[in-house]
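K.L.:
Okay, here's the prediction I keep looking at, along with the sequence it came from:
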Amino acid sequence: MNKITIAVIGCGTIANSAHIPAYMANEDAEIKYFCDIVKDRADAAVAKYECGQAIEDYNHILNDPEVDAVSICTPNDVHASIAIDCLRAGKHVLCEKPAARTYAEALEMQKVQHETGKTLNIGVVNRYNESVNRIRKMIQNGDLGELYHVYASFRSHRSIPGLGGAFTTKAIAGGGALIDWGVHFLDVVMYCTGDPKPKTVSGQAYCKLGKDMENYTFLKMWAGPPKYDGTYDVDDFVTALVRTEGPTISLNGAWAQNIGAEEMFIDFLGDKGGIRLKYGADFTFYTTEDGALIETTPKFNLGSMFQNEIDGFIRCIQTGEKQPSHIDTVILSSQIIQAIYDSSDQGAEVSLQPVAQNSL
């Protein structure tokens, strides 16, 4: 079987830490292009990985029939436009999370995927996480009994990324803590619970600690340094309640808060048992047996979820199978995130309409 020819669009942190190494480790993939509007980053990738060609304009990829698929690792504002162009050019697409800045953009991506029939997977990489998949199976097997509520906490003390840059500019990112961190936590919840259809959402997003940029105190800054002449108009704290056809879901998230603690976990509450998942790590199962309280923390090889994601992308191109990260399932997370922002803007609960999606 011929190798799948890949182009990586955007050669920043996520491309270099996850996508590119995973493609390099997959025997069925080969990278032909490294594309970045900052040519030096593309040149650096060619030098580092000793393969491919550095280019600045992704239209070169669209016109190359040898390219089978692309990884989109760009800022959020061009996810939709690049993905749509690539799909219409006959390329399979793996687009980093979030799918897009807005639900409307994500719906357009889904529409074009349906029209073209090409693969469109979104980088909700936790669907390839061993802990997450074990929890999903336990819920399906009834180990928790009736799952009635799930709570997600993604809170940090002072962790606003790249103050004044792309991460904190709504026109580019689409939002802040919710769309950056919350998309992963919400997607884990949806995946583990079988992607239940959301019914109503009540949320509030706050832009507080970072808006006075020059007086924002921090010890370190990822995606920094600060650009004090830039923009900060996104949420650094968010809270929400989501009613679904399955369990209710609540969340609290913060890039920055005046509480000196980090909480990165998800609690799954059932009437027979409960689970606390430590984000990106293992989990503990709580239940009862013969009048005793039972607490179990399984030990297993976590593996590499990014490698699993890339391997799955290559495999679905080869076989046509539908991956758990397909746009048809991830669209629900986009809908809920949009509804949280809409509820916050309106100061009221919002009702949601069903969307076209297929649970796996």
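P.N.:
Alright, I've got the coordinates.
K.L.:
Now the lengthiest helix in the chain - C-alpha only, CSV.
P.N.:
Determined from DSSP state H, the single longest helix within the chain is helix 327-346. C-alpha atoms of helix 327-346 as CSV (Å, rounded to 0.1, in the frame of the first residue of the first chain):
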residue,chain,number,x,y,z
ILE,A,327,-16.8,16.3,13.0
ASP,A,328,-20.3,14.6,13.3
THR,A,329,-19.6,13.8,17.0
VAL,A,330,-17.5,16.8,17.9
ILE,A,331,-20.1,19.2,16.6
LEU,A,332,-22.0,18.8,19.8
SER,A,333,-19.1,20.3,21.8
SER,A,334,-19.1,23.3,19.4
GLN,A,335,-22.8,23.8,19.9
ILE,A,336,-22.5,23.7,23.7
ILE,A,337,-19.6,26.1,23.9
GLN,A,338,-21.4,28.5,21.6
ALA,A,339,-24.5,28.2,23.9
ILE,A,340,-22.5,29.0,27.0
TYR,A,341,-21.1,32.2,25.4
ASP,A,342,-24.6,33.1,24.1
SER,A,343,-26.2,32.5,27.5
SER,A,344,-23.5,34.7,29.1
ASP,A,345,-24.1,37.5,26.6
GLN,A,346,-27.9,37.2,27.0
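K.L.:
Which secondary structure elements does that helix sit against?
P.N.:
helix 103-116, strand 120-123, helix 183-192, strand 198-206, strand 237-244, strand 350-351 (3 or more C-beta pairs under 8 Å, 6 or more residues apart in numbering; DSSP states H and E). C-beta here means a position set from N, CA and C on the backbone, and glycine is covered the same way.
K.L.:
relative orientation of the third one and strand 198-206 in degrees?
P.N.:
Taking axes from the mean of the first three to the mean of the last three C-alpha atoms, to 10 degrees, one finds helix 183-192 and strand 198-206 inclined to each other by 160 degrees.
K.L.:
So for stretch 314-324, mean pLDDT?
P.N.:
Averaged over stretch 314-324, pLDDT sits at 95.
K.L.:
Between the two ends of that stretch, how far is it?
P.N.:
14 Å (C-alpha to C-alpha, to the nearest Å).
K.L.:
again with stretch 76-96
P.N.:
For stretch 76-96, the end-to-end distance is 8 Å (C-alpha to C-alpha).
K.L.:
just stretch 203-221 next, same as before
P.N.:
Stretch 203-221: ends 27 Å apart by C-alpha to C-alpha.
K.L.:
Of all the residues in that stretch, which ones are buried?
P.N.:
Gly203, Ala205, Tyr206, Cys207, Leu209, Gly210, Met213, Tyr216, Met221 (16 or more other C-beta atoms under 10 Å).
K.L.:
What is the most widely separated pair among these?
P.N.:
Gly203 and Met221 (26.5 Å; C-beta to C-beta).
K.L.:
And the contacts of the lowest-mean-pLDDT helix or strand in the chain?
P.N.:
Lowest on mean pLDDT, DSSP states H and E among the helices and strands of the chain sits helix 13-14, with a mean of 95. With C-beta atoms under 8 Å, 6 or more residues apart in numbering as the test, helix 13-14 has contacts from Cys73, Glu96, Gly123, Ala223.
K.L.:
So which one of those residues is the model least confident about?
P.N.:
Scoring the contacts of helix 13-14 by pLDDT puts Ala223 last, at 93.
K.L.:
ok, the buried residues of stretch 203-221 vs Leu144, which is closest?
P.N.:
Proximity of these to Leu144 (C-beta to C-beta) peaks at Gly203, which lies at 25.6 Å.
K.L.:
List the residues that contact that closest one.
P.N.:
Val238, Thr239, Ala240, Leu241, Ala339, Ile340, Tyr341, Ser343, Ser344.
K.L.:
where's the residue nearest to Gln335 when sequence neighbours are not counted relative to Tyr341, distance?
P.N.:
Setting aside the residues directly before and after it, Gln335 is nearest to Tyr103 in space (C-beta to C-beta, 6 or more residues apart in numbering), at 5.3 Å. Distance from Tyr103 to Tyr341, counting by C-beta to C-beta, to the nearest Å: 9 Å.
K.L.:
who's more crowded, the two?
P.N.:
Neighbour count, other C-beta atoms under 10 Å: between Tyr103 and Tyr341, Tyr341 has more, with 25 against 22.
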